[in-house]
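> sequence first, predicted coordinates after that:
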Amino acid sequence: MPARFATIGVAGAGAWGTALANAAARAGRSVVLWGRDPQAIQAMRRSRANEAHLPGVELAAAVAPTADLADLGDCDAVLLVVPAQASREVAGALTHHLREGTPLVTCAKGIERGTELFMTQVLAQACPHAVPAILSGPSFAADVAAGLPTAVTLAARDAGLAEALAAALGSSSFRLYHSDDVRGVEIGGAAKNVLAIAAGIVGGRRLGASAGAALVARGFAELMRFGKAFGARAETLTGLSGLGDLILTCSTPQSRNYSLGLSLGRGEGLHPSGQLAEGALTAGVLVAMAGERGIDMPIAAAVEAVLAGRSDIEQAIGSLLARPQKAEA
Ligand SMILES: NC(=O)C1=CN([C@@H]2O[C@H](COP(=O)(O)OP(=O)(O)OC[C@H]3O[C@@H](n4cnc5c(N)ncnc54)[C@H](O)[C@@H]3O)[C@@H](O)[C@H]2O)C=CC1
Ligand SMILES: O=C(CO)COP(=O)(O)O
């Protein structure tokens, strides 16, 4: 009998899509890696690398790059690895190609602006005949591509499907835990990016390691409040995709979100690298959703105010430090 999920599609040939394609190949799958830019795909076929997004990493032999979305049509499951705000567009285009019931696993970390929808809700609307799932957790593309040990969570409403997908994609170095708490997993990934910008600001302002630790702990309290209000389970929020990813992303300039905060904290403004920092795109919608439900998220709100230009860094820090001292929980 052929293995379940023998062929995996990856829609999005950026850093994370390329790393996940290699990880799936390492797990023994055949992989079709779709990217929208035919020239970039041609270059990947020639060089067997993605020099623009994941330099120095050789593409596994089982990865077939393509610029034709229709090539994902025969895949047994598809990972959607484009930025959160592009996920509706690409999922919508996939409706013309995917078979009924194909698992479509979002690997993006964000909330859709304008609709206030979480990623799997976007997939359910844009590609209704697929089965939405999510993969998220502490994992830099470069680490996964280098085969360094990483552990992430794969969640689907059907726990059996989550387990089967995790078994198909996991290996000894890329460990996948499974869950049926889809909402918990998608909230952790979206919120931690916004909080990581705040952690970067603390680093850039040289406020000290003690302030950095306080920021992570109080930021996590905000993530928990938001998650619980939206039905996430506490054990998910304290797991890999919540606390785990918050710790990773708040701790190193290897994170693009942290590094954006560093730049702001140093007074260098928004860094000009053009790199994707999902937290900057999620901050507004996260804070708006929290405000509508009366969820207190002062750190996320301060990041949003700085990014929107309504507050400078000193004002933002001053207003956080001026908050009344209260019971911790
Ligand atoms: N890079 C990392 O270490 C990790 C990234 N992620 C998440 O994965 C998502 C993607 O991030 P990266 O791959 O790192 O970003 P990236 O900037 O390296 O690549 C994004 C890719 O999406 C493509 N894209 C953008 N808009 C598109 C559209 N409208 N249609 C088709 N393709 C489009 C770009 O051409 C590019 O190939 C983000 O939500 C990020 O938070 C999650 C875990 C780790
Ligand atoms: O999500 C990530 C690690 O888990 C990647 O973080 P950045 O997008 O901040 O680089």
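That came through fine. Ligands and ions are numbered 1, 2, ... in the order given.
> need the contact list for Ala164.
4-5 (CB atoms under 8 Å, 6 or more residues apart in numbering). For the C-beta atoms, the positions are set from N, CA and C on the backbone; glycine is no exception.
> I'd like to know how many residues surround Thr95.
By other CB atoms under 10 Å, 13 other residues sit near Thr95.
> mind checking how far it is from ligand 1?
Look at Thr95 and ligand 1: by CB to the nearest ligand atom, to the nearest Å, they are 14 Å apart.
> next: Leu80.
Using CB to the nearest ligand atom, Leu80 is found at 9 Å from ligand 1.
> and that residue, how many neighbours?
For Leu80, the count of nearby residues is 30 (other CB under 10 Å).
> can you name the residues bridging to it?
Beta bridges link Leu80 to Ala11, Thr106 when assigned by DSSP bridges.
> that one touches Thr102, doesn't it?
No. Here Leu80 does not reach Thr102: they are 11.3 Å apart, not a contact under CB atoms under 8 Å.
> tell me how far the host helix or strand of Gly284 is from the chain's mean position?
In this structure, Gly284 is located in helix 278-292 according to DSSP states H and E. In terms of CA atoms, centre = their mean, to the nearest Å, the centre of helix 278-292 is set 15 Å apart from its chain centre.
> who are the packing partners of it?
Under the contact definition 3 or more CB pairs under 8 Å, 6 or more residues apart in numbering; DSSP states H and E, helix 278-292 sits against strand 111-112, helix 182-204, helix 209-229, helix 256-265, helix 298-307.
> out of the ones you listed, nearest to ligand 1?
Closest approach to ligand 1 among these (CB to the nearest ligand atom): helix 182-204, 6.6 Å.
> check which residues of that closest one are buried.
Within helix 182-204, the residues scored as buried using 16 or more other CB atoms under 10 Å are 182-204.
> one more: stretch 74-94?
75-85, 87-88, 90-91, 93-94.
> now do stretch 55-71
Counting neighbours by 16+ other CB under 10 Å, the buried set in stretch 55-71 is 57, 59-60, 62-67, 69, 71.
> got the contact list for Leu240?
Counted by CB under 8 Å, 6+ apart, Leu240 has contacts 137-138, 151-153, 177.
> what's the least confident helix or strand in the chain, going by average pLDDT?
Every helix and strand in the chain was compared by mean pLDDT, DSSP states H and E; the lowest is helix 313-321, with a mean of 87.
> and it, what does it pack onto?
On a contact count with 3+ CB pairs under 8 Å, 6+ apart, helix 313-321 meets helix 182-204, helix 298-307.
> near ligand 1, which residues of the stretch 201-329 of the chain?
Counting by CB under 6 Å from any ligand atom, the residues of the stretch 201-329 of the chain close to ligand 1 are 276, 278.
> low-confidence stretches in the stretch 201-329 of the chain?
271-273 (pLDDT under 70).
> next, count neighbours for the closest residue to ligand 1 within the stretch 1-150 of the chain.
Nearest residue of the stretch 1-150 of the chain to ligand 1 (CB to the nearest ligand atom) works out as Gly14 at 1.7 Å. Other residues near Gly14 number 17, with proximity taken as other CB under 10 Å.
> now do Leu321 against ligand 2, distance only.
In terms of CB to the nearest ligand atom, Leu321 sits 25 Å off from ligand 2.
> looking at it, His178 is touching Ala159, isn't it?
Yes. Under the criterion of CB under 8 Å, His178 makes contact with Ala159 at 6.9 Å.
> give me the helices and strands touching the strand or helix carrying Leu104, please.
For Leu104, the enclosing helix or strand under DSSP H and E is strand 103-106. The contact analysis (3+ CB pairs under 8 Å, 6+ apart) places strand 103-106 against strand 77-80, helix 87-94, helix 119-126, strand 131-136, helix 159-169.
> same list (these) but as JSON lines, adding mean pLDDT and distance to Lys228.
Output for these, formatted as JSON lines (pLDDT from 0 to 100; distance: least, CB to CB, whole Å):
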{"stretch": "strand 77-80", "mean pLDDT": "98", "distance to Lys228": "27"}
{"stretch": "helix 87-94", "mean pLDDT": "98", "distance to Lys228": "25"}
{"stretch": "helix 119-126", "mean pLDDT": "98", "distance to Lys228": "18"}
{"stretch": "strand 131-136", "mean pLDDT": "98", "distance to Lys228": "18"}
{"stretch": "helix 159-169", "mean pLDDT": "98", "distance to Lys228": "21"}
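> send the alpha carbons of stretch 179-199 over as CSV?
Coordinates of each C-alpha in stretch 179-199 appear next as CSV, following Å, rounded to 0.1, in the frame of the first residue of the first chain:
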residue,chain,number,x,y,z
SER,A,179,-2.9,18.7,18.4
ASP,A,180,-6.6,19.4,17.7
ASP,A,181,-6.4,22.9,19.2
VAL,A,182,-6.2,24.7,15.9
ARG,A,183,-7.1,28.1,17.4
GLY,A,184,-4.5,27.9,20.2
VAL,A,185,-1.8,27.1,17.7
GLU,A,186,-2.7,30.0,15.3
ILE,A,187,-3.0,32.5,18.1
GLY,A,188,0.4,31.8,19.5
GLY,A,189,2.2,32.2,16.2
ALA,A,190,0.4,35.5,15.4
ALA,A,191,0.7,37.2,18.8
LYS,A,192,4.4,36.2,19.5
ASN,A,193,5.6,38.2,16.4
VAL,A,194,4.1,41.4,17.8
LEU,A,195,5.6,40.8,21.2
ALA,A,196,9.0,40.0,19.6
ILE,A,197,9.1,43.5,18.2
ALA,A,198,8.7,44.8,21.7
ALA,A,199,11.5,42.5,22.9
